[in-house]
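Student: no sequence on hand, only this structure:
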C-alpha cells in the first residue's frame, strides 16, 4: 500500500471520530471534519506509522501557509524524508498531503519539548482511536 493511499484510509477512518469530537465541543454542524484536529491527527499518525514524529508551528511566520498567504497554527508529522498531513484541508489545501520537508507551506518552530508539553494537555483520544484502528485492520 502506498503511503498516500494509507493516509487516505486513515483519514477516512478518523473523519467520523473527528465529527463526533466536534459535536462534543458544540461545533458547527457541517464544518470541515478536520477543523481543529491537527494535533489529535498528528498524535494518531505517530502511533500508527513507524518512525513518524510530530512537527508543529505556532505564531507569526510558522505553521501552515494557507492560500491567502496567512500562517496558521498547525501540526503534521515527518516520517523519514516526507511531511505527512491529513488535516490541511481546514485551511483550503488538499485533505491528504505527502510532501518534501522543504515544502514552503510548512514551517516548524516548536521544539519536541514544547510539542510534548502542549500536546500533553489534550485528552488521549488518539489511544482509543489507535485501538479501534488496529482492531479494524485485524478483521
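Tutor: Right, received. Where do you want to start? Given the structure is predicted, the values throughout are model-derived calculations rather than measurements.
Student: now the helices for this protein?
Tutor: Assigned by DSSP state H, the chain shows helices spanning 3-24, 38-48, 112-119, 125-138.
Student: got those helices as a markdown table, with distance to residue 85 and mean pLDDT columns?
Tutor: Every C-beta, even on glycine, is put in place using the N, C-alpha and C of the backbone. Below are these laid out as a markdown table (distance: least, Cβ to Cβ, whole Å; pLDDT from 0 to 100):
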| stretch | distance to residue 85 | mean pLDDT |
| --- | --- | --- |
| helix 3-24 | 9 | 95 |
| helix 38-48 | 8 | 96 |
| helix 112-119 | 15 | 92 |
| helix 125-138 | 16 | 87 |
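Student: out of those helices, flag the one nearest residue 106.
Tutor: helix 38-48 (11.7 Å; Cβ to Cβ).
Student: I'd say residue 98 and residue 7 touch.
Tutor: Yes - Residue 98 lies in contact with residue 7 (Cβ atoms under 8 Å); the separation is 6.7 Å.
Student: overlap in contacts of the two?
Tutor: residue 84 (Cβ atoms under 8 Å, 6 or more residues apart in numbering).
Student: ok, the two, which is more surrounded?
Tutor: A count of neighbours by other Cβ atoms under 10 Å puts residue 7 above the other of residue 98 and residue 7, at 23 against 17.
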